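Asker: got a predicted model here, sequence first, then my questions.
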Amino acid sequence: MSPWMYLGFPLLGLAAGLLAGLLGIGGGLVIIAALAWMLPLFGIPQEAAMHAALASSLASIVLTGLSSARAHARRGSVLWPTVAWMVPGLLLGGWLGSGLAVALDDSVLRWVVAGYCLLAAWQIGFGATRAPADGSEVAPPRGWPMTLAGGGIGAMSAVVGIGGGSMTVPLLVWRGVRPVRAVGTSSACGVAIAVSSAAGYALHAPPGALPQHAFGYVYLPAALGVAMASVLAAPLGTRLAHAISGQALRKVFALFLLLVGVSVALSG
């Protein structure tokens, strides 16, 4: 295998970082779709490829999410009170969800991810919103319901290998938050999910889960290559998010999720 093939990971990271800033998803879904195709070429057994794609995606999201959240915070688009209420649930849910995912068969995980992408695409593209018609701001969502929501989002995000943006963004928009601020807040929440879930995939994995260059199910060349490149592209995605209208951002998000769902389904 040519060493040049490893350049595919940084190239994937550039796309993931752009999407992280633009859509608040940490690039997780596009990473999973690509890695599900790529990892068997690097000696990862086919039966472990989906687990490795999910785990490596989550590990890379730690840096991608930090870069995206920092860029959004500079523009005042992160609702920190909401983040504070959601983080305890996100951490617990991410840990528990990763333990469940490790116990599932590769083919089951693949269809769960594909089905989730399609459902999320429909919700964000056609779901109702409670954002004020006059464009005014609402108070940051707070309280134990947000913590409980964080637990569910963290668990599901761990199972499908993402930073939770495709759930956190619709939730916040439904609560009346403007899409660009929902994206910024989601980026910060995604860091908590990624840390907890990646640790879970590493520590819950059976001994020798991957043949080499791995920590549990986290394939280090993929995680590091994607992460290092994605932090460079995330600020550009953030600038694009602030330049695109809220309705257009929702449509872009929905189309993206639809394409990724189809890609994951066909990668088996």
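Answerer: Happy to help now that I have it. Bear in mind that the values here come from a model prediction, so they are computed numbers and not experimental data. Residues are numbered from 1 along each chain as shown.
Asker: element containing residue 48, please.
Answerer: Using DSSP states H and E, the element containing residue 48 is helix 46-74.
Asker: from the contact counts, what lies against that helix?
Answerer: helix 8-23, helix 28-38, helix 80-103, helix 106-126, helix 144-160, helix 179-204, strand 218-219, helix 220-243 (3 or more Cβ pairs under 8 Å, 6 or more residues apart in numbering; DSSP states H and E). To be clear about C-beta, it is placed using only N, CA and C from the backbone, and glycine gets the same treatment.
Asker: who wins for proximity to residue 55 among those?
Answerer: Set against residue 55 and scored by Cβ to Cβ, these come closest in helix 179-204, at 3.5 Å.
Asker: partners of the next helix or strand along the chain from that closest one in the sheet?
Answerer: Sequence order places strand 214-215 as the next helix or strand after helix 179-204, per DSSP H and E. Applying DSSP bridges, strand 214-215 is found paired with strand 218-219 (antiparallel).
Asker: mean confidence (pLDDT) on the strand it pairs with, please.
Answerer: Mean pLDDT, computed over strand 218-219, is 94.
Asker: can you report phi and psi for the spatially closest residue to residue 138 that is not a sequence neighbour?
Answerer: Sequence neighbours aside, residue 176 is the residue nearest to residue 138 in space, at 3.9 Å (criterion: Cβ to Cβ, 6 or more residues apart in numbering). Phi and psi for residue 176, reported as degrees, to the nearest 10, are phi 100, psi 0.
Asker: state the distance from residue 152 to residue 91.
Answerer: 13 Å (Cβ to Cβ, to the nearest Å).
Asker: comparing these two, which residue is more hemmed in?
Answerer: residue 91 (19 against 16; other Cβ atoms under 10 Å).
Asker: any idea how far the more buried one is from residue 7?
Answerer: Residue 91 sits 34 Å away from residue 7, going by Cβ to Cβ.
Asker: same thing with residue 15?
Answerer: Where residue 7 is concerned, residue 15 sits at a distance of 13 Å (Cβ to Cβ).
Asker: higher neighbour count, these two?
Answerer: Taking neighbours as other Cβ under 10 Å, residue 15 and residue 7 compare with residue 15 leading, 18 against 12.
Asker: the more buried one reaches residue 28, doesn't it?
Answerer: No. With contact defined as Cβ atoms under 8 Å, residue 15 does not count as touching residue 28 (11.8 Å).
Asker: so where's the stretch 1-150 of the chain uncertain?
Answerer: For the stretch 1-150 of the chain, applying pLDDT under 70 flags the ranges 1-4, 20-27, 123-125, 127-137.
Asker: one more time with 80
Answerer: Along the stretch 1-150 of the chain, segments meeting pLDDT under 80 span 1-6, 15-30, 64-65, 67-68, 117, 120-138.
Asker: same check on the stretch 151-268 of the chain?
Answerer: 166, 231, 233-254, 256-257, 259-268.
Asker: same thing but 90
Answerer: 160-171, 173-184, 187, 206-213, 226-268 (pLDDT under 90).
Asker: hmm, back to that, what are the buried residues along the helix holding residue 48?
Answerer: Buried residues in helix 46-74, counted by 16 or more other Cβ atoms under 10 Å: 48-73.
Asker: now stretch 107-114
Answerer: Buried, per 16+ other Cβ under 10 Å, within stretch 107-114: 109-110, 112-114.
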